[in-house]
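Student: Output the structure for:
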Amino acid sequence: MIFKVENCPDYLVGSLFFLMSWVVLYWRAPQSRKAILWASITLLPFGPVLESLYIIDYWCPQHLFYWQFFGWLRVSLEDLIFTFTCLGICAGMFDLVHRRHHKREITCVCWQSYARLFGAGVICLGIILGVWFWGRGHSIRWLHSVNAHAIGCLVVFPIVIVRKGWRVAGHVAAIGGAIYMVIFYALYYVRLYPTIFDRWWMLDHLSGIRFLTIPIEEIYWMAVTVLFIGPMVRFCLDHTPDNRWMVAQEFGEWRQQRAARKKQPKP
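Tutor: Next up, the predicted model:
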């Protein structure tokens, strides 16, 4: 283990914006608190792993201090704050939109819920790593860690578009996530640190497309993260009042209805 002090507060200043957003969302959306909190807690361990991937070919931020394990796994206070809050914000955005249409909140969380959500995170992380290693093995420059992240998150997209309620909520929440990222950079972070993209981002690896000086990768990274986290939290945590997994119950009801239709005499 290596402990390194850099004494740079810039990343922490950015992370605190997300922390304030998380607190406001948690406070103002009490019916979404289970989705917000459990997404933040359950998926937090994946943050340092992904961050250790990003610093290889996407950006290289400076920290107040950080620990480095096994020669590659970097863990910092800023990463933990950002991961915890960003996950909760993504889950909360989707849950807010979803409840406006269906008015059903997540009422109970059990260890099976936690295991399903953690397992979904493991699957997504495996896809991200697989895509990233494949891209590096074939020297595909554009297939950097953030684009591998986007591909991994889009694995949930078929689930989103199959269910009408999730399709609307997922797309609205993803657009909201993109707008949130624009507000964060354009109205806050870039105003404080005008040269931040030149200092930290590996711009020669990116597409070069910018919106209000913001690399487009930052915007669609947030959009696809919302598109994955929001529906997946609902998919894994949603239970009936008698503590049965909602998805399993709905699937059972669908099978019964299909069997009943098959038994009906044809005209």
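Student: And the strands in the stretch 101-250 of the chain?
Tutor: With DSSP state E, counting those that start in this stretch as the criterion, the stretch 101-250 of the chain has strands at 210-211, 214-215.
Student: now the first one, how far from the chain's geometric center?
Tutor: Distance of strand 210-211 from the chain centroid (C-alpha atoms, centre = their mean, to the nearest Å) equals 21 Å.
Student: Can you list the helices and strands that the one helix or strand S21 maps to packs against?
Tutor: Per DSSP states H and E: S21 is located in helix 10-28. When contacts are defined as 3 or more C-beta pairs under 8 Å, 6 or more residues apart in numbering; DSSP states H and E, helix 10-28 sits against helix 33-43, helix 77-102, helix 164-184. (Glycine included, C-beta is placed from N, CA and C.)
Student: before we move on, back to that, deepest of the strands of the stretch 101-250 of the chain, which one?
Tutor: strand 214-215 (a mean of 20; mean count of other C-beta atoms under 10 Å).
Student: partners of that strand, with directions?
Tutor: strand 210-211 (antiparallel) (DSSP bridges).
Student: picking that back up, now the strands of the stretch 101-250 of the chain as TSV including distance to R74 and mean pLDDT?
Tutor: Converted to TSV, the strands of the stretch 101-250 of the chain look like this (distance: least, C-beta to C-beta, whole Å; pLDDT from 0 to 100):
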stretch	distance to R74	mean pLDDT
strand 210-211	27	94
strand 214-215	21	96
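Student: mind putting those strands in JSON lines, distance to L16 included?
Tutor: Shown next, in JSON lines, are the strands of the stretch 101-250 of the chain (distance: least, C-beta to C-beta, whole Å):
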{"stretch": "strand 210-211", "distance to L16": "24"}
{"stretch": "strand 214-215", "distance to L16": "19"}
